[in-house]
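Enquirer: Below are the sequence and a predicted model for it; my questions follow.
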Amino acid sequence: DAGVIQSPRHEVTEMGQEVTLRCKPISGHNSLFWYRQTMMRGLELLIYFNNNVPIDDSGMPEDRFSAKMPNASFSTLKIQPSEPRDSAVYFCASSTETNEKLFFGSGTQLSVL
Amino acid sequence: QKEVEQNSGPLSVPEGAIASLNCTYSDRVSQSFFWYRQYSGKSPELIMSIYSNGDKEDGRFTAQLNKASQYVSLLIRDSQPSDSATYLCAVIPQGSYIPTFGRGTSLIVHP
């Protein structure tokens, strides 16, 4: 298996632009997480899907952030409009039902200028 | 206040020494505890999990859990420069399926 696949690896954009991050989880995994990592706040949960259904989105900072999982093999995280404070590394991770081992993608380094 | 607390470090140890990494958590009924290793510029990967009080050993790594003190630690014996990384503690509270991560402790093993 190729593991969790994220794209793009790097994204540089200007304030106000729309940003879309993509994730393909490991086949057979039914849990999917979006985390954001910064030096100041560490690894923070944004949203958790189970069987394609959003279970916990309490970590989504504000209405500018939205996430979808239209099927078991694809998820997106969208930021519209983006702001400089959104600059961070965004990780997607997938797991089996018990979430006892998360498999992380390579992350997307987002820079909003 | 962060639910999972770690000293950010860096913790610097000489090669061959024992590195001790510590983590405290606030939710008393947490049941599942994990240590992830993250190399610079890479993604976290699971190295240890522990669920009951006491020690769990895996090669050079030992995880220790004390639920009464709400404390979990990771010992790395015979530390190698290749162990230099950030170590993230993660906790899943009872009744939840979502890991909460600490900020991580940076470990530097110098030759």
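Expert: Everything's here; your move. Residues are numbered from 1 along each chain as shown, chains lettered A, B, ... in the order given.
Enquirer: Please make it C-alpha for all contacts and neighbour counts, starting now.
Expert: Fine.
Enquirer: Is B:K56 located within a strand, as I assumed?
Expert: Yes. With DSSP: H, G, I helix; E, B strand; the rest coil as the criterion, B:K56 is assigned to a strand.
Enquirer: And the pLDDT for it?
Expert: With respect to pLDDT, B:K56 has a value of 97.
Enquirer: repeat for A:S82
Expert: Model confidence at A:S82, expressed as pLDDT, equals 96.
Enquirer: for it, helix, strand, or coil?
Expert: At A:S82, secondary structure determined by three-state DSSP is coil.
Enquirer: Wait, it touches A:L110, no?
Expert: No. Here A:S82 lies out of contact with A:L110, judged by C-alpha atoms under 8 Å, at a distance of 10.1 Å.
Enquirer: what residue ranges in chain A are flagged as low confidence?
Expert: Along chain A, segments meeting pLDDT under 70 span A:1.
Enquirer: in it, which residue is closest to the centre?
Expert: Among the residues of chain A, the one closest to the centroid is A:W34, at 3.3 Å (C-alpha atoms, centre = their mean).
Enquirer: Pass me the low-pLDDT residue ranges in chain B, would you?
Expert: Residues of chain B meeting the criterion pLDDT under 70: B:1-2.
Enquirer: do that again at 90, thanks
Expert: Chain B contains residues with pLDDT under 90 at B:1-3, B:8-9, B:27-31, B:93-97.
Enquirer: Return the residues of it in contact with chain A.
Expert: Contact residues, chain B versus chain A (C-alpha under 8 Å from any C-alpha of the partner chain): B:32, B:42-46, B:49, B:97-104.
Enquirer: Neighbour-wise, which one of those residues leads?
Expert: The most crowded member of the residues of chain B next to chain A, judged by other C-alpha atoms under 10 Å in any protein chain shown, is B:G104 (29 neighbours).
Enquirer: Please enumerate the strands of chain A.
Expert: For chain A, the strands defined by DSSP state E occupy A:5-7, A:10-13, A:19-24, A:31-38, A:42-50, A:53-56, A:65-71, A:74-79, A:88-95, A:103-104, A:108-112.
Enquirer: Adjacent strands (with direction) for the shortest one?
Expert: Which is strand A:103-104. Sheet pairing of strand A:103-104 (DSSP bridges) gives strand A:88-95 (antiparallel).
Enquirer: and the angle from the partner strand to strand A:108-112?
Expert: Orientation check (axes from the mean of the first three to the mean of the last three C-alpha atoms, to 10 degrees): strand A:88-95 against strand A:108-112 gives 150 degrees.
Enquirer: Run the chain-centre distance for strand A:88-95.
Expert: In terms of C-alpha atoms, centre = their mean, to the nearest Å, the gap separating the centre of strand A:88-95 from the centre of its chain is 5 Å.
Enquirer: How about the contacts made by the spatially closest residue to A:T108 that is not a sequence neighbour?
Expert: Of all residues not flanking A:T108 in the chain, A:R9 sits nearest, at 4.5 Å (C-alpha to C-alpha, 6 or more residues apart in numbering or on different chains). Residues near A:R9 by C-alpha atoms under 8 Å, 6 or more residues apart in numbering or on different chains: A:106-109.
Enquirer: Redo those as CSV? Include neighbour count.
Expert: Below are those laid out as CSV (neighbours: other C-alpha atoms under 10 Å in any protein chain shown):
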residue, neighbour count
A:S106, 22
A:G107, 30
A:T108, 21
A:Q109, 19
